[in-house]
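Student: Have a look; sequence and predicted model below, questions after that.
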Amino acid sequence: MSARVSPAVRFGIVGTGAIAAAHAGAIRSLASAKLAGVTDIDATIGRTFAAAWEAPFFESLETLIETARPDFIVVCTPPSTHPQLALAAISAGCHVLCEKPLAIDEPSAIAMLDAAAEAGVILTMATKFRYVADIIRARSMIKLGALGQIHLIANEFRSPVSMEKRWNSNPALSGGGVFIDNGTHSVDILRYLAGPLESVSVTSESSQGSLSVEDDAQLLARFTYGAFARVELSWARPAVSPYFVQIVGSQGRALIGWKESKYRLEPSREWQPLGTGYDKLAAFERQYENLVDVIAGRAAIEVGREDALSSVQAIAAGYASLRNGGWMSVDGKKASSHTPDAERAIALL
């Protein structure tokens, strides 16, 4: 008797901008997943996208759900629209994969998560970097104690790019500038590697005067166990390192880069290969493999309620720090200054 083949998990995409193509590519690469349909408020763009990915186009989310019967709705629209779309999909009984950030404020995020819990469906946040193979390996090294006590994690996402005509620089749609855009990735990387954040301090030196949001931001963060993080974010300045994550521990270091990653352990001064760098498609594929495995009962969801909500809370605390100055706890309260200790940790780089 032949083994029963499980049907492919069906995905519907809402919003057909640039990031939607990465989702569609990952879905199409997996035999266990199927792109059941797409929708976009701009029918011309949506139909072009649908034709390119050989998927049906639907005029609305409601029609997509009713006709294509997707298991998951993938929300790839600007952040301010996430709650409305996610709640509509949840009320229809669909699981939801929502692009980062989950929402632009904590009450909206909680409402979305509570609705999913009540409906008994999955609501998870798309966050590609925790699925990068080299980051996964670095996390394993940290958990096994190979790098010793972690003192500092540094992260850099900097690249000059014109944002004047993009929705990302419209705060009504985005919720902010480079800090909520790229900083959401940063916060998730930090939490994934080394655990919860206790408090944050954010400063900004915007240089593109025509934008109404920050295009440059610096984040200092303190983990609950005392280690620190430094994050450099910019739409205006070029990167200064080929490694977007640096981990400094008492017994070693790890560097995670775009084209290669490496580590060294004390007392050796020799670097050893950790991986081949950032592979976007492979990261998206791992994300979708997790979703398929969850539906099949083979795995737990990788990005759960606490992960998604904590990211929203950390970004909100960061903006409170940017407005008011000083350190803010992730729960939104004024925190004691950790700047001198953070600066000593940064000096280890």
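Tutor: Yes, it's here. Numbering: from 1, shown residues only.

Student: okay, Val5: pLDDT?
Tutor: In this model, Val5 is scored at 48, pLDDT.

Student: what's the answer for Val213, then?
Tutor: Predicted confidence (pLDDT) for Val213: 93.

Student: can you pull the contacts of it?
Tutor: Under the criterion of Cβ atoms under 8 Å, 6 or more residues apart in numbering, the contact list for Val213 reads 169-171, 174, 176-178. From N, CA and C alone the C-beta is placed, and that goes for glycine too.

Student: Apart from its neighbours in sequence, what residue is nearest it?
Tutor: The shortest distance from Val213 to any residue other than its chain neighbours is 3.0 Å, reached at Gly177 (Cβ to Cβ, 6 or more residues apart in numbering).

Student: still on that earlier bit, in helices, which of the contacts of Val213 fall?
Tutor: Counted as lying in helices by DSSP state H, out of the contacts of Val213, are 171, 174, 178.

Student: quick one: the first one from Cys98, how far?
Tutor: Note on Pro171: its distance to Cys98, by Cβ to Cβ, to the nearest Å, is 19 Å.

Student: Counting neighbours, go ahead and name the busier of those two.
Tutor: Between Pro171 and Cys98, counted using other Cβ atoms under 10 Å, Cys98 has the larger neighbour count: 27 against 16.

Student: pretty sure Leu64 contacts Ala55?
Tutor: No. Judged on Cβ atoms under 8 Å, Leu64 makes no contact with Ala55 at a distance of 10.3 Å.

Student: between these two, what contacts are shared?
Tutor: With Cβ under 8 Å, 6+ apart, Leu64 and Ala55 have common neighbours 36-38.

Student: and the nearest residue to Asp42 once chain neighbours are set aside, what is it in contact with?
Tutor: Take Asp42 and drop its neighbours on the chain: the residue closest to it by Cβ to Cβ, 6+ apart is Thr16, 8.0 Å away. Residues in contact with Thr16 (Cβ under 8 Å, 6+ apart) are 38, 40, 42, 45-46, 48-50, 76.

Student: Of those residues, grab the buried ones for PyMOL.
Tutor: Buried residues among the contacts of Thr16 (16 or more other Cβ atoms under 10 Å), as a PyMOL selection:
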select buried, resi 38+40+46+49+50+76
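
Student: what sits against the most centrally placed residue in the chain?
Tutor: In the chain, the residue lying closest to the centroid (Cα atoms, centre = their mean) is Thr127, at 2.9 Å. By Cβ under 8 Å, 6+ apart, the contact list for Thr127 reads 100, 184-185, 188, 303, 307, 311.

Student: Keep only those of those that are in helices.
Tutor: Going by DSSP H, the helices hold 184-185, 188, 307, 311 from the contacts of Thr127.

Student: just the contacts of Thr16 now: which is nearest His151?
Tutor: Cys76 (37.3 Å; Cβ to Cβ).

Student: my guess is that closest one meets His23, correct?
Tutor: Yes. With contact defined as Cβ under 8 Å, Cys76 counts as touching His23 (6.4 Å).

Student: Return every residue with contacts to both of these two.
Tutor: Here Cys76 and His23 have Ile13 as joint contacts, going by Cβ under 8 Å, 6+ apart.

Student: Show the residue spans covered by the helices in the stretch 51-200 of the chain.
Tutor: Using DSSP state H, counting those that start in this stretch, the helices of the stretch 51-200 of the chain run over 61-68, 82-91, 106-119, 133-144, 171-174, 178-181, 183-194.

Student: Can you tell me which of these is most buried?
Tutor: helix 178-181 (a mean of 26; mean count of other Cβ atoms under 10 Å).

Student: Figure out how far it is from the centre of its chain.
Tutor: On the basis of Cα atoms, centre = their mean, to the nearest Å, helix 178-181 sits 11 Å off its chain's mean C-alpha point.

Student: In terms of secondary structure, what does that helix contact?
Tutor: strand 216-223, strand 228-234, helix 305-324 (3 or more Cβ pairs under 8 Å, 6 or more residues apart in numbering; DSSP states H and E).

Student: Show me the strands paired with the very next helix or strand once past the shortest one, marking each as parallel or antiparallel.
Tutor: Using DSSP states H and E, the helix or strand that follows strand 228-234 in sequence is strand 243-249. Next to strand 243-249 in the sheet, as set by DSSP bridges, lie strand 150-158 (antiparallel), strand 252-257 (antiparallel).

Student: which residues touch the shortest one?
Tutor: Contact with strand 252-257 is made by 132, 134-135, 138, 141, 146-148, 241-247, 261-266, 271, 274-275, 277-278, as judged by Cβ under 8 Å, 6+ apart.
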